[in-house]
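Colleague: Model the structure of this input:
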Amino acid sequence: MSDARTPAQIEADIVRRREQLAVTLDEIGVRVHPKTIMGDAKAKVASTIDHTAGRAFVAVNRAVSEVKARFVSEDGAPRLERVVPVALLAVGVVGLVAVSARRRRG
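Modeller: Residues are numbered from 1 along each chain as shown. Have a look, this model is predicted:
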């Protein structure tokens, strides 16, 4: 079995390989083009930000749910034994801030 190819077959093979090489070079050119690199980098950063924002949202949502569970009963009624002390503390802090601001002015 000899692998005798005709000149036309060899030439056709060369043309086919040249076309494949041209396609490969075009693909490489697109991949290393600055716009492509920047686009890929932007997409990666956006993906990272989306992932981080998603994780932050879940964490905040969990924290809000935990705080809500402390101040609201399962039936939706406020737990006065917890709400009243926090409200009094908030009023006290606001009062101290107001008095402090008045002293600075006067």
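Colleague: Check residue 102 and give its pLDDT.
Modeller: Looking at residue 102, its pLDDT is 88.
Colleague: Please name the residues that touch it.
Modeller: Contact analysis of residue 102 by C-beta atoms under 8 Å, 6 or more residues apart in numbering lists nothing. To be clear about C-beta, it is placed using only N, CA and C from the backbone, and glycine gets the same treatment.
Colleague: Which helix or strand contains it?
Modeller: helix 80-105 (DSSP states H and E).
Colleague: how about that helix: buried residues?
Modeller: By 16 or more other C-beta atoms under 10 Å, helix 80-105 has no buried positions at all.
Colleague: Low-confidence regions, this structure specifically.
Modeller: 1-2, 106 (pLDDT under 70).
Colleague: in the helix ranked longest in the chain, what's buried?
Modeller: The longest helix of the chain (DSSP state H) is helix 34-71. Of the residues in helix 34-71, none count as buried by neighbour count, 16+ other C-beta under 10 Å.
Colleague: Check which helices and strands that helix is in contact with.
Modeller: With contacts defined as 3 or more C-beta pairs under 8 Å, 6 or more residues apart in numbering; DSSP states H and E, helix 34-71 has these neighbours: helix 80-105.
Colleague: Specify the angle between the helix it packs on and helix 34-71 in degrees.
Modeller: For helix 80-105 against helix 34-71, the angle by axes from the mean of the first three to the mean of the last three C-alpha atoms, to 10 degrees is 110 degrees.
Colleague: can you tell me how far the spatially most central residue of the chain sits from residue 44?
Modeller: Among the residues of the chain, the one closest to the centroid is residue 50, at 1.6 Å (C-alpha atoms, centre = their mean). Using C-beta to C-beta, to the nearest Å, residue 50 is found at 11 Å from residue 44.
Colleague: do the same with residue 94
Modeller: Applying C-beta to C-beta to residue 94 and residue 44 gives a distance of 46 Å.
Colleague: do residue 10 as well
Modeller: Distance check for residue 10 against residue 44: by C-beta to C-beta, it reads 45 Å.
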